[in-house]
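Asker: Sequence below, structure please.
(one chain, ligands or ions: 2)
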Amino acid sequence: MSKKLFIKTYGCQMNVYDSARMADALVPHGYRATDRADDADLVILNTCHIREKAAEKVYSELGRLRRLRERRRARGADMVIGVAGCVAQAEGQEMLERAPFVDIVVGPQAYHRLPELLHRRARVKASVLDTDFPVESKFDRLPEELATPPGISAFLTVQEGCDKFCTFCVVPYTRGAEASRPAAAILAEACRLVAAGAREITLLGQNVNAYRGEGPDGRPWSLGRLIRSLAEVEDLARIRYTTSHPRDVSDDLIEAHGSVDKLMPFLHLPVQSGADAMLQAMNRRHTADDYRRIVERLRRARPDLALSSDFIVGFPGETDRDFAATLALVEEIGFAQAFSFKYSPRPGTPAAGMRRQIKDAQKSERLARLQALLAEQARAFNAGVVGQVLPVLLERPGRHPGQQVGRTPYLQAVHVEAAGRGLGQTIEVLITESHSHSLAAVPVEPPAARPGANRRGMPACA
Ligand code: 5AD
Ligand code: SF4
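Answerer: Ligands and ions are numbered 1, 2, ... in the order given. Got it, this is the predicted structure:
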């Protein structure tokens with residue numbers, strides 16, 4: 001009899017990808033996915049450590065799972081509780097001390113060993129921990145077979161880890177040093193995803209544009225080079241990548257934005273602050289003007305490029321003037337969307353020990369002001385496409401019959417009355433309405449032809 005698996009994912013898109021790969025690793029060992037924790041023989045929380053709130057959520061969820069397990073045990077069933085991801089990596093043994101009822105703690109570089117850990121736990125009848133950074137790459141050990149179909153829009157991790165050591169960030173400690181997958185493995189995975197129905201691939205990495213994977217020619221490939229090769233995959237319609245560091249935006253990548261049609265004109269490029277003093281204290285290795293110049297060059301290559309960013313307010317020592325510089329940068333650049341956070345001190349990072357920590361009330365006040373400005377820009381950006389004809393990739397059925405939900409090239413969600421059109425198709429639509437988080441549209445008949453410059457490339461999936 002097969003056992004049921006429930007994975008709950010917190011945090012970033014890399015975790016979403018990792019959760020899918022954990023399922024891939026477990027399905028050949030007799031597990032199948034369920035969407036209810038109380039129904040599951042194995043529950044895995046794939047956790048995020050980036051801010052304190054995210055990490056604390058894990059412990060409240062673990063308490064809930066423990067009670068669920070007691071109820072299952074009363075019914076004669078059982079439940080194995082596993083914690084994966086960055087909280088598992090950061091806390092390791094500490095987690096087993098705080099929540100000794102957890103059965104398995106596994107870090108982001110070791111989850112290909114889950115089947116083995118489950119066996120070991122059953123054998124020793126005690127909690128097991130694996131937070132190694134093994135020499136073997138998990139990507140070489142994970143099965144190629146997908147446990148669940150990828151969906152129209154799929155993620156593909158090409159790079160992991162970070163060597164930048166921004167002073168606020170736990171990533172270099174939880175995910176380790178930068179490592180890039182070989183281009184051939186990525187191309188092969190892209191072909192499998194497309195063969196299984198994906199039409200859009202988002203290349204993932206903590207610092208994705210630092211990608212330097214080995215090319216089939218034995219030389220390191222840049223992200224731009226990789227994107228150009230992926231664009232040759234016949235039925236792949238759209239390519240995106242996230243998340244990037246301004247320091248690693250190369251000429252080659254800017255060029256790709258200008259020349260590769262399949263590379264979507266939307267870029268998430270975190271800046272964190274508009275004040276040079278803060279950027280320096282954050283060890284960002286770029287100034288506000290560097291960021292402005294990069295954006296200017298990108299927009300020259302691709303004039304309709306829409307931008308997204310991350311911001312931190314209330315970093316230690318942030319003055320009113322520093323914060324005003326962030327607001328000024330936002331005004332100047334104009335973002336289609338953005339994420340903004342109050343600075344959250346993370347154990348073991350340099351900024352946590354810095355003097356002049358900012359009071360929470362001050363952080364909240366600044367966050368509210370920044371978010372009001374960003375929300376206004378997002379609203380204006382969405383309103384700006386009303387009346388335009390845009391290509392929309394249809395990704396899933398909408399709430400009522402005949403409706404489908406897709407995205408514009410600028411990552412805006414669109415509800416389209418597109419009866420009769422298949423998911424996975426890119427259709428031309430007229431945008432009729434904009435709301436705070438989505439657009440409404442109707443198909444344009446007949447569908448206008450899209451430029452297909454990249455389709456003449458050789459079929460890349462033999
Ligand atoms: N406090 C607040 N925000 C943070 N981020 C990363 N670390 C912290 C922290 N300690 C934000 C950054 C990053 C995004 C993923 O999370 O803006 O780009
Ligand atoms: Fe963290 Fe900075 Fe690396 Fe991004 S670039 S993962 S913020 S250390």
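Asker: List the contacts of the least confident helix or strand in the chain by mean pLDDT.
Answerer: Sorting the helices and strands of the chain by mean pLDDT, DSSP states H and E puts helix 138-141 at the bottom, at a mean of 86. Residues from elsewhere that reach helix 138-141, judged by Cβ atoms under 8 Å, 6 or more residues apart in numbering: 21, 109, 110, 111, 112, 113, 157, 181, 185. To be clear about C-beta, it is placed using only N, CA and C from the backbone, and glycine gets the same treatment.
Asker: If we use 7 Å, what do you get?
Answerer: Contact with helix 138-141 is made by 109, 111, 112, 181, 185, as judged by Cβ atoms under 7 Å, 6 or more residues apart in numbering.
Asker: same deal with stretch 421-441?
Answerer: Against stretch 421-441 from outside (Cβ under 7 Å, 6+ apart): 152, 197, 199, 237, 379, 382-383, 385-396, 404, 412-416, 418, 442-444, 447-448, 450.
Asker: cutoff 6 Å now
Answerer: Residues outside stretch 421-441 that contact it (Cβ atoms under 6 Å, 6 or more residues apart in numbering) are 152, 199, 237, 382-383, 385-386, 388-389, 391-394, 412-416, 442-444, 447-448.
Asker: Enumerate the positions of that stretch that are buried.
Answerer: For stretch 421-441, the neighbour count (16 or more other Cβ atoms under 10 Å) marks 421, 423-429, 431, 434, 439-441 as buried.
Asker: out of these, which one sits closest to ligand 2?
Answerer: Of all the buried residues of stretch 421-441, ligand 2 sits closest to residue 439, with 30.1 Å by Cβ to the nearest ligand atom.
Asker: Nearest spatial neighbour of the closest one, chain-adjacent residues omitted?
Answerer: Excluding the flanking residues, the one nearest residue 439 by Cβ to Cβ, 6 or more residues apart in numbering is residue 414, at 4.6 Å.
Asker: For the contacts of helix 138-141, which ChimeraX command selects only the ones that are buried?
Answerer: If you want just the buried ones from these in ChimeraX, going by 16+ other Cβ under 10 Å, the selection is:
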select :109,111,112,181
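Asker: For the chain, give me the ranges with low pLDDT.
Answerer: In the predicted model, the chain carries pLDDT under 70 at residues 1, 446-459.
Asker: do stretch 325-334 and ligand 1 meet?
Answerer: No. For stretch 325-334, no contact with ligand 1 is found by Cβ under 6 Å from any ligand atom; the gap never falls below 11.9 Å.
Asker: wait, I meant stretch 264-276
Answerer: Yes. Using Cβ under 6 Å from any ligand atom, we find that stretch 264-276 touches ligand 1 at 270, 272.
Asker: and that stretch, anywhere near ligand 2?
Answerer: No. For stretch 264-276 and ligand 2, the contact criterion (Cβ under 6 Å from any ligand atom) is not met; the two come no nearer than 6.7 Å.
Asker: where's that stretch relative to the chain centroid, distance-wise?
Answerer: When distances are taken as Cα atoms, centre = their mean, to the nearest Å, stretch 264-276 is centred 15 Å away from the chain's centroid.
Asker: ok, the contacts of helix 138-141 vs ligand 2, which is closest?
Answerer: Of those, the one sitting nearest to ligand 2 (Cβ to the nearest ligand atom) turns out to be residue 109, at 15.3 Å.
Asker: how about that closest one, secondary structure?
Answerer: coil (DSSP: H, G, I helix; E, B strand; the rest coil).
Asker: Next, the contact list for it, please.
Answerer: Each residue near residue 109 by Cβ under 6 Å, 6+ apart is listed here: residue 133.
Asker: Using CSV, write out every CA atom in the least confident helix or strand of the chain.
Answerer: Taking Å, rounded to 0.1, in the frame of the first residue of the first chain, the C-alpha atoms of helix 138-141 are listed here in CSV:
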residue,chain,number,x,y,z
LYS,A,138,21.9,16.4,-5.1
PHE,A,139,21.0,17.2,-8.7
ASP,A,140,23.1,14.1,-9.9
ARG,A,141,21.2,11.9,-7.4
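Asker: what is whatever residue of the stretch 301-450 of the chain ends up closest to ligand 2 paired to in the beta sheet?
Answerer: Using Cβ to the nearest ligand atom, the closest approach of the stretch 301-450 of the chain to ligand 2 is made by residue 310 at 7.8 Å. In this entry, residue 310 is beta-bridged to residue 339, by DSSP bridges.
Asker: quick revisit: what would the contacts of helix 138-141 look like in CSV with distance to residue 363?
Answerer: What follows is these, written out as CSV (distance: Cβ to Cβ, whole Å):
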residue, distance to residue 363
109, 33
111, 34
112, 39
181, 38
185, 42
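Asker: what about the helices in the protein?
Answerer: In the chain, helices defined by DSSP state H lie at 13-26, 52-74, 85-91, 93-98, 114-124, 138-141, 171-174, 183-195, 223-230, 251-259, 276-281, 288-301, 320-333, 360-384, listed in chain order.
Asker: just those helices: most buried one?
Answerer: When neighbours are counted by mean count of other Cβ atoms under 10 Å, the highest per-stretch mean among those falls to helix 85-91, a mean of 26.
Asker: list the helices and strands it packs on?
Answerer: strand 42-47, helix 171-174 (3 or more Cβ pairs under 6 Å, 6 or more residues apart in numbering; DSSP states H and E).
Asker: could you dump these to JSON lines with distance to ligand 2?
Answerer: As requested, those are arranged in JSON lines below (distance: least, Cβ to the nearest ligand atom, whole Å):
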{"stretch": "strand 42-47", "distance to ligand 2": "16"}
{"stretch": "helix 171-174", "distance to ligand 2": "4"}
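Asker: could I get those as JSON lines with distance to residue 338?
Answerer: Supplementary listing: the helices and strands packed on helix 85-91 in JSON lines, determined by distance: least, Cβ to Cβ, whole Å:
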{"stretch": "strand 42-47", "distance to residue 338": "24"}
{"stretch": "helix 171-174", "distance to residue 338": "19"}
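Asker: just to revisit the earlier point, shouldn't the residue of the stretch 301-450 of the chain closest to ligand 2 be in contact with residue 339?
Answerer: Yes. If you go by Cβ atoms under 6 Å, residue 310 and residue 339 touch, sitting 5.0 Å apart.
Asker: what's the farthest-apart pair in the buried residues of stretch 421-441?
Answerer: Comparing all pairs in those by Cβ to Cβ, the longest separation belongs to 424 and 434, at 24.8 Å.
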